[in-house]
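Chemist: task: produce atomic coordinates for the following.
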Amino acid sequence: MPRQIAGIRSTVGFGGTITFNILIVYIAYNLDKVLIGRFWGADALGIYGRAYQLVTIPPENINSAIGGVAFSALSRLQDDPHRFKRYFLKGYSLIMSIAFPIITFCALYADEIVLIVLGPTWSEAAELFRLLTPRPWSSPSSIRSAG
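Modeler: Just a heads-up that it's a prediction; the model follows:
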């Protein structure tokens with residue numbers, strides 16, 4: 001029989017909070033798919049899924065490239081809040097200066113991007129792709145992948 005180790009209650013409580021948070025985020029980010037599938041059917045869900053998958057490619061690539069470097073660099077500044085804030089804002093400005101032209105390009109050329117990447121059978125996904133272009137850049141999944 002395992003015996004209770006000092007501090008285990010706080011560790012289990014912390015782990016439980018993290019697990020609950022992950023569960024809530026998972027539900028929140030998949031509720032749209034459940035609702036679309038339920039009310040509009042499999043075809044609409046397929047089109048939405050492809051558009052969403054295509055629109056998340058740029059932020060995932062940028063976040064994975066820059067996120068690891070930024071995370072380790074900012075962790076060294078955690079004891080200096082002023083420098084941390086300054087470096088964070090500079091990094092965020094850099095990411096936005098890269099992201100904004102990509103978002104604009106994707107929104108303007110959604111039809112062509114969908115045609116080239118997904119093919120003509122997915123042409124219905126172009127309008128959804130255009131509407132989703134700003135969203136994934138600020139989603140928690142993008143932030144999580146940087147950490």
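Chemist: just for the chain, where's the confidence low?
Modeler: 1-7, 135-147 (pLDDT under 70).
Chemist: mind running it again at 80?
Modeler: The chain contains residues with pLDDT under 80 at 1-9, 134-147.
Chemist: correct me if wrong: residue 62 contacts residue 98.
Modeler: Yes: counting by CB atoms under 8 Å, residue 98 is a contact partner of residue 62 at 6.2 Å. Heads up, the C-betas are built off the backbone N, CA and C, glycines and all.
Chemist: higher neighbour count, these two?
Modeler: Shown here are residue 62 and residue 98; by other CB atoms under 10 Å, residue 62 has more neighbours (17 against 14).
Chemist: in which helix or strand does that one reside?
Modeler: Following DSSP states H and E, one finds residue 62 within helix 57-75.
Chemist: and the lengthiest helix in the chain, what does it pack onto?
Modeler: Ranked by residue count, the top helix of the chain under DSSP state H comes out as helix 8-55. Applying 3 or more CB pairs under 8 Å, 6 or more residues apart in numbering; DSSP states H and E, one finds that helix 8-55 makes contact with helix 110-117, helix 125-132, helix 140-146.
Chemist: could you redo the last one with a cut-off of 7 Å?
Modeler: Judged by 3 or more CB pairs under 7 Å, 6 or more residues apart in numbering; DSSP states H and E, helix 8-55 is in contact with helix 125-132.
Chemist: and the angle for the helix it packs on with helix 110-117?
Modeler: Going by axes from the mean of the first three to the mean of the last three CA atoms, to 10 degrees, helix 125-132 is angled at 120 degrees with respect to helix 110-117.
Chemist: buried residues, helix 125-132. List them.
Modeler: 125-126, 128-130, 132 (16 or more other CB atoms under 10 Å).
Chemist: now residue 93: how far from residue 64?
Modeler: 19 Å (CB to CB, to the nearest Å).
Chemist: what's the farthest-apart pair in the buried residues of helix 125-132?
Modeler: 126 and 132 (10.8 Å; CB to CB).
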